[in-house]
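> Fold the following, please.
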Amino acid sequence: MGRAAGSEHVLRAHTPQGICVLRTTDLGGGVPPERRADHGGPAAIRKDLGIETEERVLLYAPTWRDDRAEMVDFVDAERLAREANAVVLVRGHSRTLEQGRDRAGARVIDVTGYPETARLLLAADALITDYSSVMFDFSVTGKPMYFLVPDLDHYRGQLRGFYFDLAERAPGPLVRTQEELAAALEDPEHEAAFAERYTAWRRQFNSRDDGRAAERVVDRILDLGFVTP
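Numbers count the residues shown, from 1 in each chain. Predicted coordinates:
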């Protein structure tokens, strides 16, 4: 494997299939969704999903649970779409659902089998999740997040636990019911109320999501001598 001279790094790797040549700019890792030109922008992604540009889009993406084989059923997606006057994208976890079996209904779109989560994050106006790591990816966009956590005590105390207190640091409201979620979605003070927390969250978890993460990794590998120029 080698390194080309100049500002653009090129890796040449011998593989069983031959020689693979990669520029660090081809790797794409760490590029914030809003900076990825190949996503085509929110309008293009929405068009691909059959959603009008001006429609409100909510992405519901909960994580899986150790004590159940199916997706959590804390949200009536069709009712949510009606109450929030929005299109609801439902993203089931790969551990719990087969493609096409999450939710259906008026203004509800099953996106469990959609190939690129990052494109969904770019298309959505807001994220509804629980304890999923998608919260860290979505916060790169700076758009609102809501945490529907009716089983918070059970999840925290018996299933998995947390590395930090989500209730104290979440960059959006923690709600226990769909009624509370609907109210939070309509709260005009939401973003102002959580602005400080959101800023702190992004400072801690997104500070390196600047579009050059893959380049830094490659530079570090080369600098440490794991491969020779």
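> which residue packs closest to Ala170, ignoring adjacent ones?
Phe147 (5.5 Å; C-beta to C-beta, 6 or more residues apart in numbering). In this view, the C-beta of every residue, glycine as well, is placed from N, C-alpha and C.
> One more: Leu49?
Ile109 (6.1 Å).
> pretty sure that neighbour contacts Gly50?
Yes: proximity of Ile109 to Gly50 meets the contact threshold set by C-beta atoms under 8 Å, at 7.5 Å.
> who has more neighbours, the two?
Legend: neighbour count by other C-beta atoms under 10 Å for Ile109 and Gly50, higher for Ile109 (22 against 8).
> Could I get the pLDDT score of the more buried one?
In this prediction, Ile109 carries a pLDDT score of 92.
> quick one: which helix or strand includes it?
Ile109 belongs to strand 108-110 when assigned by DSSP states H and E.
> Show me what the helix or strand that that strand is followed by is packed against.
Note on strand 108-110: by DSSP H and E, the next helix or strand toward the C-terminus is helix 117-123. Helix 117-123 sits against helix 41-49, strand 57-60, helix 134-138, with contacts defined as 3 or more C-beta pairs under 8 Å, 6 or more residues apart in numbering; DSSP states H and E.
> Flag the shaky bits of this protein, pLDDT-wise.
In the predicted model of the chain, residues 1-40, 64-72, 93-106, 154-163, 229 satisfy pLDDT under 70.
> any chance you could map the helices in it?
Here the chain has its helices, by DSSP state H, at 24-27, 41-49, 77-84, 117-123, 134-138, 152-154, 166-169, 178-185, 190-193, 195-205, 213-223.
> which parts of the fifth one are buried?
Meaning helix 134-138. Neighbour counts over helix 134-138 (16 or more other C-beta atoms under 10 Å) mark 134-135, 137-138 as buried.
> which one among those gets closest to Asp210?
Closest approach between these and Asp210, by C-beta to C-beta: Asp137, at 14.5 Å.
> so what's the closest one closest to, chain neighbours aside?
Of all residues beyond its chain neighbours, the one nearest Asp137 is Leu121 (6.1 Å), with distances taken as C-beta to C-beta, 6+ apart.
> How many residues are close by that neighbour?
With other C-beta under 10 Å as criterion, Leu121 counts 25.
> so who does it touch?
Shown in contact with Leu121 (C-beta atoms under 8 Å, 6 or more residues apart in numbering): 33, 59, 127, 134, 137-138, 140-141.
> Show me which pair in those is furthest apart.
Leu59 and Val140 (13.9 Å).
> These two: who's more crowded?
Legend: neighbour count by other C-beta under 10 Å for Leu59 and Val140, higher for Leu59 (25 against 21).
> my guess is the more buried one contacts Leu120, does it?
Yes: in this structure, Leu59 is within contact of Leu120 by C-beta under 8 Å, at 5.7 Å.
> Need the overlap of contacts for those two.
89, 91, 111.
> Just put the helices of the chain in CSV and tack on distance to Glu55.
Formatted as CSV, those follow (distance: least, C-beta to C-beta, whole Å):
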stretch, distance to Glu55
helix 24-27, 34
helix 41-49, 8
helix 77-84, 10
helix 117-123, 10
helix 134-138, 19
helix 152-154, 31
helix 166-169, 30
helix 178-185, 14
helix 190-193, 19
helix 195-205, 24
helix 213-223, 32
